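> Pasting the sequence and the predicted coordinates here, then a few questions.
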Amino acid sequence: MTSTYQQLPPIAVIGFAHSPHVDETFGTTNGVEMLVPCFQKLYADLGISRTDIDFWCSGSSDYLAGRAFSFISAIDSIGAVPPINESHVEMDAAWALYEAWVKIATGEVDVALAYGFGKPSASNTDQVLALQTDPHTVAPLWPDARSLAALQARAGLDSGAWTEADMAAVAARHTGASVDELLKSDYVADPLRAHDVCRYTDGAAAIILASEHRARQLVARPAWITGWDHRIDTPNFGARDLTKSPSTRLAGDTVLGNNRKVDVAELHAPYSHQELILKSELGLDDSVIINPSGGALAANPLFSAGLERIGFAATTILGGNADTALAHATSGPLLQQNMIVSLAGGDPRSLKGEN
């Protein structure tokens, strides 16, 4: 662990909740109907009320919601009185959780809740995601996300970085189907087959972080955050090797150092070949259980999928099913921005090398 993390106070994930992964909901695009059950579950699980939350931070997209300042409407799920300390990021809520983590690390608050929401069923998802690309050279072509991913997959196949069987093996682990069976299916965007492509879902998720003393009060086995870093690659597709993810590697090196032995890794990979890229860049061997939740390939609730990866990773520790876990979140097209979070059970000070 780097000296930066050793100097920070212990902070832990103490609660996680998410809405059902469904293709379509009848709620509004502000996410209120999906968020309220998440908040209520967290309050009940931890024995707290909304007034115990010192800071709130959300992640969403006005483009996806089709309205300006959609996150303001989402605050209806919290309640207007008494007033709250609140912030927002226009991206996956994993980055909202980072802001909440920083808020606790500064000593300003003890308990923070980060949440994200999105309703892709109410919008033209491909059009919305095309707006993330370069506004001068790429966005005017209106490339859909699946076709861009197909270009990335083809680059990997042509370079020998992976095979179609490798891609199918990723999907087979989640679907239960055999690799041979999956390879017999038709292409949907050559070289991608249906099992290589994520399923967009409406969804919302929330995570509660706490300082050391509050974490110990509220849960028996907190999931202590032992490292956190996020990096970005160029948005110019022609200026980077799409078969690699330097930002993931750098973030992983910063957080993990030489210790790549973790029990569980939740990787935010909306396409099968992207899991292969992330696994390679992070140096994870086959002993690591990857995406026991099914990952974003099984269900990709836009703007909360990355937050869910952190939540699912933390849950394995909170429930005593793992001692160490790693979570990855991405934002932007083709793994442009990448975040790595490491978590562990046990004594936080010994984990930081302070004992």
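Now that the structure is in, tell me what you want to look at.
> and residue 41, that's in a helix?
Yes - counting by DSSP: H, G, I helix; E, B strand; the rest coil, residue 41 falls inside a helix.
> Not counting its neighbours along the chain, what's nearest the spatially most central residue of the chain?
Computing the C-alpha centroid of the chain and ranking residues by CA atoms, centre = their mean puts residue 306 first, at 1.2 Å. Spatial nearest neighbour of residue 306, chain neighbours left out: residue 329 (2.8 Å); criterion: CB to CB, 6 or more residues apart in numbering. (Each C-beta comes from the backbone N, C-alpha and C, glycine too.)
> do you know how far the one you found is from residue 150?
Applying CB to CB, to the nearest Å, the value for residue 329 to residue 150 is 23 Å.
> just residue 72 next, same as before
To residue 150, residue 72 is 37 Å away according to CB to CB.
> if we can go back for a sec, check whether the residue nearest to the centre of the chain sits in a helix, strand or coil.
helix.
> Neighbour count for residue 329 and residue 150, which is higher?
Between residue 329 and residue 150, residue 329 has the larger neighbour count (other CB atoms under 10 Å), namely 28 against 21.
> Give the buried residues for the helix or strand where the more buried one lies.
For residue 329, the host element (DSSP states H and E) is strand 324-331. By neighbour count with 16 or more other CB atoms under 10 Å, strand 324-331 contains the buried residues 324-331.
> and it, what other elements does it pack with?
Packed against strand 324-331 by the contact rule (3 or more CB pairs under 8 Å, 6 or more residues apart in numbering; DSSP states H and E) you find helix 94-105, helix 246-256, strand 264-266, helix 272-282, helix 305-318, strand 337-344.
> what about 7 Å?
strand 264-266, helix 305-318, strand 337-344 (3 or more CB pairs under 7 Å, 6 or more residues apart in numbering; DSSP states H and E).
> and that strand, which strands flank it?
Strand 324-331 sits in its sheet next to strand 264-266 (parallel), strand 337-344 (antiparallel), going by DSSP bridges.
> Residue 8 is nearest to which of these?
strand 337-344 (13.0 Å; CB to CB).
> immediately after the closest one, which helix or strand?
Using DSSP H and E, the helix or strand that directly follows strand 337-344 along the chain is helix 348-351.
> any idea where the helices of the stretch 51-200 of the chain begin and end?
62-65, 70-74, 94-105, 125-130, 145-159, 164-175, 179-183 (DSSP state H, counting those that start in this stretch).
> could those helices be laid out in CSV, adding distance to residue 209 and mean pLDDT?
Converted to CSV, the helices of the stretch 51-200 of the chain look like this (distance: least, CB to CB, whole Å; pLDDT from 0 to 100):
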stretch, distance to residue 209, mean pLDDT
helix 62-65, 25, 90
helix 70-74, 19, 88
helix 94-105, 5, 98
helix 125-130, 29, 89
helix 145-159, 30, 97
helix 164-175, 29, 95
helix 179-183, 39, 97
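> and among those helices, the most buried is which?
Comparing the helices of the stretch 51-200 of the chain by mean neighbour count (mean count of other CB atoms under 10 Å), helix 94-105 ranks first with a mean of 24.
> Could you list every helix and strand in contact with that one?
strand 11-18, strand 55-59, strand 86-89, strand 111-118, strand 203-211, strand 223-232, helix 305-318.
> Give me the distance from that helix to the chain's centre.
14 Å (CA atoms, centre = their mean, to the nearest Å).
> who touches that helix?
Outside helix 94-105, the residues that touch it by CB atoms under 7 Å, 6 or more residues apart in numbering are 8-9, 11, 55, 57-59, 87, 89, 109-110, 112, 114, 116, 207, 209, 211, 225, 228, 230, 306-307, 310, 329, 331, 339.
> rewinding a little: of the strands paired with strand 324-331, which approaches residue 78 most closely?
In terms of CB to CB, the element of these nearest to residue 78 is strand 337-344, at 24.4 Å.
> I'd like the helices and strands packed on strand 324-331 as CSV, with mean pLDDT and distance to residue 79 appended.
Formatted as CSV, these follow (pLDDT from 0 to 100; distance: least, CB to CB, whole Å):
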stretch, mean pLDDT, distance to residue 79
strand 264-266, 98, 31
helix 305-318, 98, 21
strand 337-344, 97, 29
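> In a markdown table: the ones you listed, plus distance to residue 182.
Listed next are these as a markdown table, based on distance: least, CB to CB, whole Å:
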| stretch | distance to residue 182 |
| --- | --- |
| strand 264-266 | 22 |
| helix 305-318 | 22 |
| strand 337-344 | 27 |
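> Residue 143: which of those is closest?
Here strand 337-344 is closest among the helices and strands packed on strand 324-331 (CB to CB), at 18.1 Å.
> Flag every buried residue along that closest one.
Judged by neighbour count using 16+ other CB under 10 Å, the buried positions of strand 337-344 are 337-344.
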